Every structure is written in C-alpha cells, then in structure tokens.
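Engineer: A structural model of the following input is requested.
(chains A, B, C, D, E and F)
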Protein chains: 6
Amino acid sequence: MSFIVSDGSDPVATVQILLEALPYIEEFRGTVVVVKFGGNAMVSPELFADFAKDIFLMHRIGIRPVVIHGGGPQIGHWLERIGKESEFVDGRRVTDAETLEIAQMVLLGKVNSQIVTALNAFGPVAVGLSGTDATMLEVEPHGDALGFVGSVTKVNPALVNRTLANDMIPVVATIGADSEGQIYNINADDAATAIAQALGAEKLIFLSDVPGVLRDVDQPESLINKLTVDEALDLIEDGTIAGGMVPKVLGCISSLEHGVGSAHLIDGRVPHVLLLELLTSAGVGTMIMKGTR
Amino acid sequence: MSFIVSDGSDPVATVQILLEALPYIEEFRGTVVVVKFGGNAMVSPELFADFAKDIFLMHRIGIRPVVIHGGGPQIGHWLERIGKESEFVDGRRVTDAETLEIAQMVLLGKVNSQIVTALNAFGPVAVGLSGTDATMLEVEPHGDALGFVGSVTKVNPALVNRTLANDMIPVVATIGADSEGQIYNINADDAATAIAQALGAEKLIFLSDVPGVLRDVDQPESLINKLTVDEALDLIEDGTIAGGMVPKVLGCISSLEHGVGSAHLIDGRVPHVLLLELLTSAGVGTMIMKGTR
Amino acid sequence: MSFIVSDGSDPVATVQILLEALPYIEEFRGTVVVVKFGGNAMVSPELFADFAKDIFLMHRIGIRPVVIHGGGPQIGHWLERIGKESEFVDGRRVTDAETLEIAQMVLLGKVNSQIVTALNAFGPVAVGLSGTDATMLEVEPHGDALGFVGSVTKVNPALVNRTLANDMIPVVATIGADSEGQIYNINADDAATAIAQALGAEKLIFLSDVPGVLRDVDQPESLINKLTVDEALDLIEDGTIAGGMVPKVLGCISSLEHGVGSAHLIDGRVPHVLLLELLTSAGVGTMIMKGTR
Amino acid sequence: MSFIVSDGSDPVATVQILLEALPYIEEFRGTVVVVKFGGNAMVSPELFADFAKDIFLMHRIGIRPVVIHGGGPQIGHWLERIGKESEFVDGRRVTDAETLEIAQMVLLGKVNSQIVTALNAFGPVAVGLSGTDATMLEVEPHGDALGFVGSVTKVNPALVNRTLANDMIPVVATIGADSEGQIYNINADDAATAIAQALGAEKLIFLSDVPGVLRDVDQPESLINKLTVDEALDLIEDGTIAGGMVPKVLGCISSLEHGVGSAHLIDGRVPHVLLLELLTSAGVGTMIMKGTR
Amino acid sequence: MSFIVSDGSDPVATVQILLEALPYIEEFRGTVVVVKFGGNAMVSPELFADFAKDIFLMHRIGIRPVVIHGGGPQIGHWLERIGKESEFVDGRRVTDAETLEIAQMVLLGKVNSQIVTALNAFGPVAVGLSGTDATMLEVEPHGDALGFVGSVTKVNPALVNRTLANDMIPVVATIGADSEGQIYNINADDAATAIAQALGAEKLIFLSDVPGVLRDVDQPESLINKLTVDEALDLIEDGTIAGGMVPKVLGCISSLEHGVGSAHLIDGRVPHVLLLELLTSAGVGTMIMKGTR
Amino acid sequence: MSFIVSDGSDPVATVQILLEALPYIEEFRGTVVVVKFGGNAMVSPELFADFAKDIFLMHRIGIRPVVIHGGGPQIGHWLERIGKESEFVDGRRVTDAETLEIAQMVLLGKVNSQIVTALNAFGPVAVGLSGTDATMLEVEPHGDALGFVGSVTKVNPALVNRTLANDMIPVVATIGADSEGQIYNINADDAATAIAQALGAEKLIFLSDVPGVLRDVDQPESLINKLTVDEALDLIEDGTIAGGMVPKVLGCISSLEHGVGSAHLIDGRVPHVLLLELLTSAGVGTMIMKGTR
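Structural biologist: As a prediction, the model looks like this:
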C-alpha cells in the first residue's frame, strides 16, 4: 500500500498481531486475576517496568488485576542497613517489634508505593491498600516462635471489590491486624491465596524467580507445563516438589479447592511474562488446575 | 527462553507489539468513533470480515464505535433482480414507492443484519437499529425530484446513547421517517455526519473505496494526509476536490464545526484499515481537522 | 350540564367507559404480554393500524408488550416476485440460501420496520430487534430437509429485558444464528413460545386468522373459550384439534409448563381484538391455562 | 362478531372510546397536575367516589396528580358540634388555639384520611402528608386579626417529589408550621398555588362548587371557557370577577407567572369532571393561561 | 488548660461522657428500633419534649427509630367533650361509627401531628403516616362486640422501609382498613408488635406509665430487669404478671418468636428514658429476650 | 428513680450531656472537616488514642473527617537511626534521594498505617491513601535547593470523594508525584490546605503543639480566639504572628479565599481537643474566618 506512511515499524504486521490476541482478550475479559508479585521481581528496574506495563495493559483490555506483594529482600536490606540481624524459622523471618516496624515501613512506604506510582504513570488507575485498611485481612499469630508473623483467619473483600467496581487496580501490602488491633506481617503467598479465594478469582498467579515446577530442579527444560491437583500432590509426596515450592503448590491447590479457576507459577525474570501467559499461545511456567488430566 | 513453549509464532514479539499499541489505546479510550461503512466495502467477504474484527477489537479496548451504513450496490443488485430500472439525479437514486420498499428491505434485512451477525460472531455486542427506531432520525423530503429520499432535520440520539451505555455497538441503517410516519431512504454519508454531530463524536470516519483526498485523482501517491478546514475549502474552490468527494468533504467540515474532533476519509479496500488508523503510527487516508495548519 | 362544550361525541359516556376499563388496567399493569403477530394480520391496512394502536395503548396503561412476528405471506410474495418457487415439508418452507436471503430481507427490512414505524407514529416507543441482535436467539438446524430453518436452543433475554426496562416495546423478527454465525429463519410461533418462556410472560397471545379452537372447524360459533392443558391434550388426541392448530396448541401448553401465566389463540381479523381481550369482559378466542377446570 | 361473548355492554364501543382518549393520555403523560379539592366537594359520597376514581385513573395512565385539600365545611361542622362559634374576617375564619386544634384534627384525621383511604381502595398508591411533614410548608402569621392562620413563605417540595418518584399520590393537608414549630392552618387555595409553583406543575386545577368564571354570575351558561392573564385582570378590574373568585383567579395568575402551565377553575359538582377536563374534548369550567388570546 | 474558654459547664467532662457513649452508638448503629409511644406519655409537655429529643438524637447517631402511637386518653377527652360516653369490653373501647370518627381525627389530626411537629422542630426528619397509607396495615374486625376495632392481619412494610431508606423517621398512627376500605381503630400495642415483626426490628420498646414487670405490683423496687421468654410465661402462669400487662408481655414474646431481637417495657415517666436505655449502662424497665437465662 | 440500676457513673447526667451536644451535631452533620495531624501529636500514645477516638466519634455522628498527616519527627528519628544528617532551608528539610526513600517509608509505612489501624480498632472505617494513589496530588519541585520536596500544583479529589461517599475516613500521606512519575515529599500543612480547598471543606483544622495564635508568644493566656482574615494579615504585618506560624496562617487565609468555611489552629496536646472544638461551647485555639469582625 504505497499510501500508508509509516515510521519504520510495520503497521500491517502490528495490526495482525493485535488481532491474534483477540481470542485471549475475550477469554479473560472481566475476570479477576490475582497476581502475587514477589520482592525479588523488583530487583531489576527493567523487569519492574515490564511488570507495571503488563498489569496496566491487562486492565485496559478488560481484565481486573489485583496485585498482592511482599517485600522480603527490601525488608532484609533495611534491617541490614540499621544493623539488625534476623533469625529464620522454617524459612520465615522471626519478627520482633522492631522488625515489624521496619517490615511495615518497607512494605507500605516503599514497595507498595513504588508499584502504585509505576502503574499510575500510565493513568490514574492504582490504589495502594494495606490489609489493615477497612479490616481487610484479619489475622492471628502464626505461632509463638515467629513473633509478629500472622496467619490470615478471614478476608473482608469489600474494599477490594469496591476498588475493582470503581475500575481501579488494588495493590495490597500483606500487613494485617488481629482483633486487638496488633499489627502482623503476613507471608505474601499465603495472603494472595486467601484473597484469591475470597474474591473467587479466575486466576491466581505467583510471579517469582524460578521457572515453575521442574522435574529436575537443576534442569530448567524439565519444566512441567500443566499439573492437576492429584499430580501435584503425587509430586510432593515423591519429593519432586520440595523446599519452598511445597507451600506455594499447596496454596495453589487450596485456592483451587475454594473456587479459584486456575493457579500459575511463573517466572518473573522473563520480560512481560504476564502478557505472554495471558495473551499468547506460549506456555510459560506451570499451571495447576482441578480435575484429572 | 528455552522454557517457553510456543506454536510457531513469536510470543515475545507479539507482546512487544501489543505494548506498542498502548498509547493509542489510552488516547481513544472511551471516545465515540462514528464509522460510515459503505456498501462497496461489503463486496469482498475478506474485507468485510476484517472490518467486523476491527470494530470488535475497537470495542474491546474501550473505544465506543457506532456503525452507520448505506447499501447502494446491494439495493442496485436487487432492483436489477426484479427488473426495476433506476434513474439518478445528482448522483442520488430517484426513489419511488417500490424502490423505497426494496431499499428498506435490503438495508435493514440484508446489510444491517449481516453487519450485526458478523460482529456478534465474536460476542454478543451489536444491536441493529434503524433510524426509525425510537424516532432516531427525523427527516423531510430532500426534494421533489428524488421522491422518498429524505434529509435529516433532527437526530434523537437517546437510543444510540443508551446502546453505548449498555456497552454495545449500535449498527444504524439510514432509514428515517417524517412527522407523518412516511419512511424515506437517507444518504448514509449525510446520516453519519448528522449522527456524529449529535453524539459529539471524537472521530467521524468515512470508509469508502478511494484512498482519500488526492492532489491528482489518477495518482494514489498524491494522497494528502492532513487538511485543515481552510485548506479543504481551498481545494474545493480550486477544483482539486471534485465530484462525489465534494459532499463528503463538506460533511466532514460541517461535523468539525459542530463539535466532532476530527474527520477521516480512508480506504476500505485496505485490510484492517480502521486499526491501522487508530492503533498504529501509519498515516492512512486523509484526516480533516479544525484550525490552521 | 349545559356548560359542557362538546364536539358531538358524548364526553360523559366516554369517561364512564374509561372507568369501566380500570379493573382490567389494574390486573395487567406491569405484566409482560408476548404477542405473536402473524404476517396474515398485516394484509389489511386497517387491521394493521388497529394492531399498532392497541399495542401502543397497552404500553401506555402500563402493560409491557413484546411483539414477535414472522412474515410468511410477505416472504412468499417476494419469492414469487423474483420467480423463485418454494417447496414445503410439513407446512414449513424449505429454505435454501437464496430463500433465506429473501426471508431475512423481508422480515427485517419490511415487516419489522413497518411494525416499528407504525408504533413510533404514536410516540418514540418501539425498537426493532432481530433474534441475531446480542445473540438473542441461539438456534440449531430444524432438520436437514428444511435447509436454513432453525429451532431455538436458547433464548438470551437480556436485550429484550433491557428494552422493557427502558420503557420501550421490543419488536422481534424471528431470525437467529447458530454458534458458527450461520443465520436461520425460525418459525415465529416457536420463537414466540420460547421468548415468552424466557421472559416468564404473564400472557402469550397468538394473533392469527382463525377464531381460536373450534369444536367443529366449519362452525365459528363452536369456539371454545377456555381450555385447561388436560382438555387441550384430550382434544388433540381425539382429533378435534388438528392440522396447523396442533403445534400452536402444543406451544401454548409448553409455555404454560414453563412459567407463562396463560396462552391465547385470538383472531387478528377482529378489529382491536387485543384490547377487547385485555380490557373488556368480552371473551374472544380461546384461552389455555393450567390446572383443572 | 358472533364469537365475542359479552356481558351486555358493548366491548367494541368500549375499545373505540378508550382509543379516542389516547391523544389526551399522550399529552399529559408524566406531567404533574395539582388538584385543589375543596371540602365542599366531599359533601356528596357519590361525587367523592367519582373524584377518587378519577385521580386513580389519572395516576394509572401516567399523569402524576398531587391532591391538596382544605376542609372548611367539616371544620365548621365540628366547631358547631362542640358549641364553638367562629368569627370571620375577609372570609377567613379567625383561628384561636382551640379552633386550630379542631381544624388540625379534622383536616388530618378526617379529610386527609378519607381521601387516602378512598384512593387506596383501588390499590396502594396514596400517602397522606401534612404540610408539617419534613417541613414542607413554612409559614408566617397571615395577620394578627386571624390568629393561627398562616401564609406560606416557603415550600420544601422534596417530600412531595420523592413521593411522586416512588410512583405514589401525595395527598396534602394544608397545615404548616413557623420557624418556632407553632402550627398554623393555611388557606388551601393559597397552599395549592404555592405547591404548584414549587413543583413546576403542568396544571393547577381548583375543584370547587361553581361552574368557573361567569360573565353573569346568575347565568351558568355565561361561563367563560378560556381566559388569558390579561383578560382575567381586565375582568377583575371591571368587576365581572368579584368576591371569593378574585383571590382564586389571582392565585391562578400568580402560578402562571411562576412556571405553571395552565390553571383551571372547574366544577366539582359535575361527576368525573377531572377526566372530562383531561381526557375528552369537552370544555368544562374556565382555563386561564399565559399569553395573549 | 487555661486557654479553654467555657460558658460555665465543663467541656472536658462533656467530651468524656460523649466518648463513653461510643460503644452503645456502635452497638445500635443502623438497627431499627420500634418505639410504641402511649398516649399517656404525652400528658406532660416536658416528658413529651424529652421523648422527641431522644428520638431525634437516636436518629442522628445512626439508629433508625420507628414511632408507633395510639391516643387513648386524647380520644377519651374528645369523646367527653362532645358528650359521648364509651363502653369498654376487656379493656378495649367499643367503637361505633361516631367513636371511630373521633378516634381517627384525634390520632391523625392531633397525636400524630404533634409528634411529627415536635420532631421536625429539630430538623426535617419525621413523616406522619397512617396505617391506611399505601395499605400499610390490613385488618379484620377484632370481634363483633367491639365494633370498628381491628386486628392486624398483614403488614405491608414497604412505605415504612422507604421512609427509613430516605433517612427519615416514620411516625405511624394505628388506623387500618379492611379489604373493603372500611376503617378500623387498632390497639397500638398490637400494631407495634406486628410492625416490629414485619420490619425485623432489633428492638421493640413499649413506653408506658409503669416501671416494667414488677414481682410485687405495689413495690417499684421489685422491678425485674431481664426475663427470658420461658420466665415470662411462668410469671404469667403464676399470676405475677397480670391484668393489662399480660397482653403486652405476650406481644413481646410473639415479636421475639418472629425475629425481633429484644423487647422492652420501660417507664415513659422517667425523663429521657429511651437514651438511658440505649446509651448508658443503666438498667431501666424490663427487657424480655429469647433463650434461657 | 430507685429502679434505675447503674454501674456507679450517673446515667441521667450522661444523657443530659449527650443532649447538650445535639446542636453541635446538627451544625456539622454531613460537613467535610479536614484535619491536619502533625507528627508531633503522635509522640504521646495517650494523645494519639484520644485523637483516633475523636475522629471516629466525629464520623459516627455524621461529620466526614479527612485526615492529612506528615511525619517530620518520625522521619528525623529514622534518618538518625541510619546515621544520615539533614540540612534545613527555611525550616524545610533538604530531601535527597535517600532522605525521600526514608520519608516515604516512614510516612506510608509507619505514620499512615498507625493512624489507619488506630481508627479501624473501633470499626472498619479508615482507608490509608497516599497522594500518589489515583494521581491525587500532582506536584512540581518546590525549588532546587530542597531536592525532592514538592509543591502541589493540582489536587484530583475523586478518590477522596469516593472514599467519603463510601462512608469511610480517608487518611492521606502527603507524598505526590510529578508528571514524570518522580515522587516528592510535600509539606503536610500545604497539602492539607490544597486538599481542603479542592474538597470545599467546611473546616480546616491544624492540630499542632502550640495553643494557637498568641499575642505574646510567651503567654499562653494571650491566645486569640477568633481572627478575621484582615486581622490576621495585620498581625503578620506587625510581627505578632511570626516564624513557623506565618505559613500556617497564610495557608488558612488561602483556604478561606477558596471556599473553605473556617480554619482553626488548635493544640493537639489538649486531650480530645477536636471534640472540645466541635461539640462543646469551649473555645480552643484560634479560629480564622472570612469577613470583618
């Protein structure tokens, strides 16, 4: 078409690709997708910018994303900066009052704020929320050994739902309070699972720094693309799924048993991995779903 | 990324291109775009399918398209089929009662219905409307010589606005009625101009079978990409814009003077020309806008 | 009252009669009444004008009419006009692609449009809809022998309900599409039954050119005014109800079993028969209702 | 139609008359009509029943009536019953505390309640209101000589509007309170005028026991059907309009100058006079309207 | 704080006391509290003013009060005034047509109006309703001996609920009508019980002129503060609860069995007794509640 | 009343005091009150608890509080904790990237969160917001010397208004972003002024650690209770108002000139000073208002 004036890229190819995304847009239109965004994923500014752009585009094509985040590395960094050492029990940080104070400041004041600002750079769409807002996350102590680490006992999803109904993106820091008003830090994976269940999300996606479930943890190419609940339980039993992956996979399974459509473990180190998963035929990471294979 | 399983296309490039469309999506989000779709554009099934897909994708990314259509060739075809000959005055078909009957059947029963069905094949989004529904288009006779050809005297946009507010795509056949209930056929370019004005549309796009305004009508590469109202009037005066292009350009100018943001003459023979115009940096056809260049 | 100035009619009698209609107005206020309007009923301009006025008055006194129409005679007329002969199987027209094209044009472009225009002559109240709008009527082929004649598999009543909620009158042409987007013609009696069920209508009224169910088909005065479902089934079994009346009565019975309040077979040749049925003590045609007599 | 079974009346004539009312129904649909109902009009049970039926039918065909009532004769009757004598100044009853007590009881407890009950006998549509509800009528003393007789200083129409928006009929007793909470009786003509203005009513109708404005007060046939404001003022000046008719006509004129569409003085002794006025071509009483004749 | 300028009272103590009321405000926020206000309670102007202020403050802190009132003493006073003698059967006044007329006038025109006016002196919050408005109270004759005394057969709570939803206080006079439109007087205790049930009220409070349930009717200090349903039934059986207290307590029990949260018999002669009950730790009167002690 | 059972306090006095607050409750019902809460006020846990209780009670009696907070002392504390020294220019902290990082963490992660949690301990009413949420606060650099200290150029109040409309209390940390998405710290007094203007607040209250405007800064009893804008400007000119009080008073004046009803400088060290100001006749601090004295 000699009369198409272009700036160098190929507009015709562009349009073709947009149209190929249409079936995916249709599939996920209007659905709630809970994305747990790990602190690890913020380490690279490029990946962080990719993440924000992906969430924003999801919102614009009609998906309703909910971002849940922790901030382990950032909390660790600040504890170090003030010379405070941490102890860990079962991979969870023992949280005394001073650690809680730092954790809260880092989660709400730094991580949450950065995500909100990055999203709002595209348009006024994101609202930062804490699990203490409107009593969203009710918790009890996870156990004496861990101090102010809380387990979610109840999710009050009204504020998240209102935020979604206002066509905005909730970004939730995983701080909660018990019935006395005492604040606790909450494991973000656990919080994401609980929130996805309370929302009846279509998808629960864990963005982390591993490719997904691997048959051989040393071989990225041994990635398993799809797992049923039964298969996942078998792999836990035979030790294929081990270590920190076990609670993540159990969280996925629990969410599926409480109404979530599918759960995904995907690799936040892959640029635009969320859009690859949602809008293309590429299989990234591991999807866990109900039913028999 | 060895662990991305693909079906042959390149998901990474796909995602990249989707993201490049984001600024355009933002720009047109929520805006009303009136598209006049000429009967000529339906001749090729491929182009027709492209058109439907484009309108649907526009809808899905938040644009609010309104489709206005005529059906000259199809009406001609059916008049021929029943052995009825037509007379033309100033390029408009003289419309006696029998011709009106055929025109109405073809417009509503064939053209409108085909467009609605093609759109709804993607999802339940389109509603077929006639200008007689809810007294949308009020007309008076265009002139004695033309018979039942009407000029729009008033647009009642409530039904179109309600349809848009219900997140659906109005597809309007340009039939109207006078205060006595007598039906008239309406020139679709005129109707599109009147409706775009009544809606305060962001864009009014004429899809036809010419590339746009050409400096030299025999040289497609002489296409003029942008024209101000003053420039357009000059080109009409000096005869560069002539023939059937004159009323189209005057319609564009009138719409701009009544609140429409910009008017476009683009070539319906170019595949996915609507998306090329709206979502890429490609310049297709001629844009007429207010102000001085 | 010497000081009442009148134009010849008797205002006092007029008011008296208006008040006698009040109990009927109360009874049907707010209820959905589905009226299947046969193509036969449009043959007389007077009867057609009566019909439109009746529907409009029903709307104005708070009834919510839904008009469903076919157009057999009009389709036949146009097929004849282009010299196309039809074949019939079990009283239904075999519909090849060309016949479908004509049927669609006639139904939407002529019959639907005429009804909408006639209603809107009183005020902007009617909206023409096709069963393909917003995927209202989902169909499958009725059988190989009939070609593009479809059976309704599902009604999506959202668009009709929204139209009613907007205080407008839906006028539905009985065209539908299958999951591939292929269009089919639908028997209007069947479509009216399916739509009445989907809406939970208070009344389903078939306007046709017979007086109702007759004990002796040659004796109009043998009209049966009321039938229970059981009685109707008995009359089908013993052959009193026969021929084209059987599917109509079975449709009535089916609708009653799916939540419709009562079903009526009335004679469209009687002027203002709808108002006679709804607003006076006159018994017109046959009412079929649930329960034992 | 031998197959129409009737109960003696003529259903066909009935339907014909209903249809003749249609243009009037269209004209007044959705408009607010304030009806001042005088205590005189309640004397005859038949006329009272007619009045209730008329108001109810008005409501059912889409008019929004507001009934304002006084109760002079009933108050007089009760004052007499307890042996209390009244003094009158300029035709208004001097109202001491005891008279006020009786007036209030009679207006709210008897007249208002009877009207509400009579309307609700047809369906749950009427709500009894006092001008003291939600501070609807703010008053000041009319003058020292009259005691607790108030002049309306402000109308707060929110409660009446909400009642109309709930599709119900407000029936208002013309009691008001001053800023101290002291209650006053209000002349019902004045209150009706003030409320009609505050509502922007289409019509203000005074139902009383005279035929309207007469050229010769002794000749009912000298009734004037239509008056412009200027003509009315002339007739007051030349003494044709005199006595108690003067404030009524001045109220009409004031309401017209504050946005009311037309004002009517009609004879409550004529059965169904409201429907005669609204739904037939009969000219009853006197209509006063803006503009020059 | 030397820089606090006060008018003599102690602002600091004031604020302290306001804050002590906070837990009570929280507890009753948004709940419906039906208060039956006896005619006896209006005898003292001071107590009546207290009552109005209490109801208004309840409304302002988020409680949703519904006032139900009778007017026995006022009716008796007026009957006496016109020289009409009453007969009583089982403590209920035999109500002939004339008595009904007086009762209705007094209830609606005097008692209801006084309560509404007293409340609206604080702000436009109260709406006077009769049980005949919108067919709120459907009744049948209580028995032949009593004449026009009605028993509630059905409560239509829509109008009360709409009034509450509009953030206003319904004040209900206990007049009802049977299906013929005949009006009846209703015992206010019975009406309050029926309305509280229909609303699913949190509390039903009877304000009367006794302290509550007493173990020894001559010893005010023998007041029983809390009773379960079983205990109350025992006290009726053993004669501790006797006379006019029996139907009140049975009404309480019935309401508890139909969804009311708790029922209270409190002493309207105690200034601000409603606020004492609702907003302080004081135990006033007798609370009857479900369950075992 | 011997039958009132109390727990030692005096319920009758309690109720009396509640009722004395009623005129104040009426006055401020539904009004927006912006409270700037300084970091100094959080130093005492008792005062902080008082503050939270006051805000909550304000909310419960119908006032709509908006809390704006800074956190100077807390930021200083954390900067010290990591050994970072601050420089000040004109009383404002020079904010480099590291200081901004700490400021943001402290404001959102500590101060905001503590306020939200303290409020929600009474009921789920508070939502923590940052000026970066939904692009609420748009800023530009305050000046090169101060680094990332921003001046508010525009307030987008939609999110605050939606939060109020949802009957919740917005708690806003004064962080904003420029059009590039760069974050800035904002002086909380300035932000409160800008937000109060954008909301058209009834009152803007600065809670700080001084008694108000003093004629003699060393004499608390020289407090000025009321100042007009002109008087305040005079006092600035003659040096009575000096130092850090000048920008606060200028902020008050600016807000008054842009629609705020009144501005208050009150002493956060006085327990329950907000309720003293709003609900009692005590004069606390300095009120600045429009007009001449």
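
Engineer: tell me where chain A has strands.
Structural biologist: A:32-37, A:64-69, A:88-89, A:92-93, A:126-130, A:137-141, A:149-155, A:169-173, A:175-177, A:183-186, A:203-208, A:226-228, A:262-267, A:286-289 (DSSP state E).

Engineer: just the closest residue of the stretch 51-200 of chain A to chain C, please.
Structural biologist: Across the stretch 51-200 of chain A, the shortest distance to chain C (Cβ to the nearest Cβ) belongs to residue A:62, at 17.7 Å. Placement of C-beta: from N, CA and C, glycine included.

Engineer: meant to ask about the stretch 1-150 of chain A
Structural biologist: residue A:26 (13.5 Å).

Engineer: what is the burial count for the residue nearest to that residue when sequence neighbours are not counted?
Structural biologist: Leaving aside its chain neighbours, residue A:26 sits nearest to residue B:123 (6.1 Å; criterion: Cβ to Cβ, 6 or more residues apart in numbering or on different chains). Counted with other Cβ atoms under 10 Å in any protein chain shown, residues neighbouring residue B:123 total 15.

Engineer: so how far is residue D:60 from the closest residue to the residue of the stretch 51-200 of chain A closest to chain C other than its chain neighbours?
Structural biologist: Spatial nearest neighbour of residue A:62, excluding adjacent residues (Cβ to Cβ, 6+ apart): residue A:29 at 4.1 Å. Distance, residue A:29 to residue D:60, by Cβ to Cβ, to the nearest Å: 44 Å.

Engineer: between these two, which one's more packed in?
Structural biologist: residue D:60 (19 against 13).

Engineer: from memory the residue of the stretch 1-150 of chain A closest to chain C sits against residue B:60, does it?
Structural biologist: Yes - using Cβ atoms under 8 Å, residue A:26 is in contact with residue B:60, at 7.4 Å.

Engineer: what about chain A, any weak spots by pLDDT?
Structural biologist: Across chain A, the ranges flagged by pLDDT under 70 are A:1-9, A:39-41, A:283, A:292-293.

Engineer: now do the helix of greatest length in it: distance to the chain's middle.
Structural biologist: Counting by DSSP state H, the longest helix found in chain A is helix A:45-60. Averaging C-alpha positions (Cα atoms, centre = their mean, to the nearest Å) puts helix A:45-60 13 Å from its chain's average.

Engineer: buried residues, that helix. List them.
Structural biologist: A:47-48, A:50-60 (16 or more other Cβ atoms under 10 Å in any protein chain shown).

Engineer: okay, now residue A:238: neighbour count?
Structural biologist: 9.

Engineer: can you tell me how far it is from chain D?
Structural biologist: 67 Å (Cβ to the nearest Cβ, to the nearest Å).

Engineer: and what of residue A:34?
Structural biologist: As judged by Cβ to the nearest Cβ, residue A:34 and chain D stand 41 Å apart.

Engineer: that residue - nearest residue in space that isn't next to it in sequence?
Structural biologist: residue A:196 (4.1 Å).

Engineer: next: residue A:258.
Structural biologist: Closest to residue A:258 by Cβ to Cβ, 6+ apart is residue A:197, at 4.1 Å.

Engineer: contacts only, for that neighbour.
Structural biologist: A:155, A:254, A:255, A:258, A:259, A:260 (Cβ atoms under 8 Å, 6 or more residues apart in numbering or on different chains).

Engineer: nearest to residue E:214, of these?
Structural biologist: Nearest to residue E:214 among the contacts of residue A:197 is residue A:155, at 50.2 Å by Cβ to Cβ.

Engineer: the nearest residue in space to that closest one that is not next to it in sequence: what's it in contact with?
Structural biologist: Once flanking residues are discounted, residue A:155 sits nearest to residue A:198: 3.7 Å by Cβ to Cβ, 6+ apart. With contact set as Cβ under 8 Å, 6+ apart, residue A:198 has these partners: A:155, A:156, A:157.

Engineer: how near is the closest residue to chain E within the stretch 1-150 of chain A to chain F?
Structural biologist: Across the stretch 1-150 of chain A, the shortest distance to chain E (Cβ to the nearest Cβ) belongs to residue A:135, at 13.8 Å. Using Cβ to the nearest Cβ, we find residue A:135 at a distance of 4 Å from chain F.

Engineer: any idea how far residue F:124 is from that residue?
Structural biologist: Taking Cβ to Cβ, one finds residue A:135 at 4 Å from residue F:124.

Engineer: again with residue A:104
Structural biologist: From residue A:104 to residue F:124 the distance is 19 Å (Cβ to Cβ).

Engineer: neighbour count winner among these two?
Structural biologist: Just comparing residue A:104 and residue F:124: by other Cβ under 10 Å the higher neighbour count belongs to residue A:104, 26 against 16.

Engineer: what sits against the more buried one?
Structural biologist: Counting by Cβ under 8 Å, 6+ apart, residue A:104 has contacts A:175, A:183, A:185, F:109, F:110, F:113.

Engineer: let's see it at 10 Å
Structural biologist: A:75, A:130, A:132, A:148, A:173, A:175, A:183-185, F:105, F:108-110, F:113-114, F:117 (Cβ atoms under 10 Å, 6 or more residues apart in numbering or on different chains).

Engineer: quick check: residues of the stretch 101-250 of chain A near chain B?
Structural biologist: The interface of the stretch 101-250 of chain A toward chain B, taken as Cβ under 10 Å from any Cβ of the partner chain, is made up of A:122, A:123, A:211, A:212, A:214, A:219, A:220, A:221, A:222, A:223, A:225.

Engineer: Throw together a ChimeraX command that grabs the buried residues out of these.
Structural biologist: Typed into ChimeraX, the next command selects the buried ones out of those (criterion: 16+ other Cβ under 10 Å):
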select /A:122,211,212,214,223
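
Engineer: how far away is residue A:185 from chain D?
Structural biologist: 50 Å.

Engineer: ok so, going back, what is in contact with residue A:26 and residue B:60 at once?
Structural biologist: Contacts common to residue A:26 and residue B:60, judged by Cβ under 10 Å, 6+ apart, are A:61, A:62, B:122, B:123.

Engineer: so which bits of stretch A:180-200 are buried?
Structural biologist: Buried residues in stretch A:180-200 (16+ other Cβ under 10 Å): A:183-199.

Engineer: which of the contacts of residue A:197 fall in helices?
Structural biologist: Using DSSP H, the contacts of residue A:197 in helices are A:254, A:255.

Engineer: any chance of the contacts of residue A:197 in CSV, plus neighbour count and distance to residue E:285?
Structural biologist: Listed next are those as CSV, based on neighbours: other Cβ atoms under 10 Å in any protein chain shown; distance: Cβ to Cβ, whole Å:
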residue, neighbour count, distance to residue E:285
A:155, 20, 42
A:254, 18, 51
A:255, 24, 52
A:258, 13, 48
A:259, 13, 49
A:260, 25, 52
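
Engineer: of the contacts of residue A:197, closest to chain E?
Structural biologist: Checking the contacts of residue A:197 one by one against chain E (Cβ to the nearest Cβ), the nearest turns out to be residue A:155, at 22.5 Å.

Engineer: which residues are in contact with residue A:203?
Structural biologist: A:28, A:31-35, A:63, A:65, A:196, A:255, A:260-264, A:277-278, A:287.

Engineer: again but with residue A:249, I slipped
Structural biologist: Residue A:249 touches A:206, A:213, A:227, A:229, A:232-233, A:235-236, A:241, A:263, A:265, A:286, A:288, counting by Cβ under 10 Å, 6+ apart.

Engineer: name the nearest residue to the residue in the stretch 1-150 of chain A that chain D sits nearest to, sequence neighbours excluded.
Structural biologist: Nearest to chain D, among the residues of the stretch 1-150 of chain A, is residue A:134, at 31.2 Å (Cβ to the nearest Cβ). Among residues not flanking residue A:134 along the chain, residue A:159 sits closest, at 4.1 Å (Cβ to Cβ, 6+ apart).
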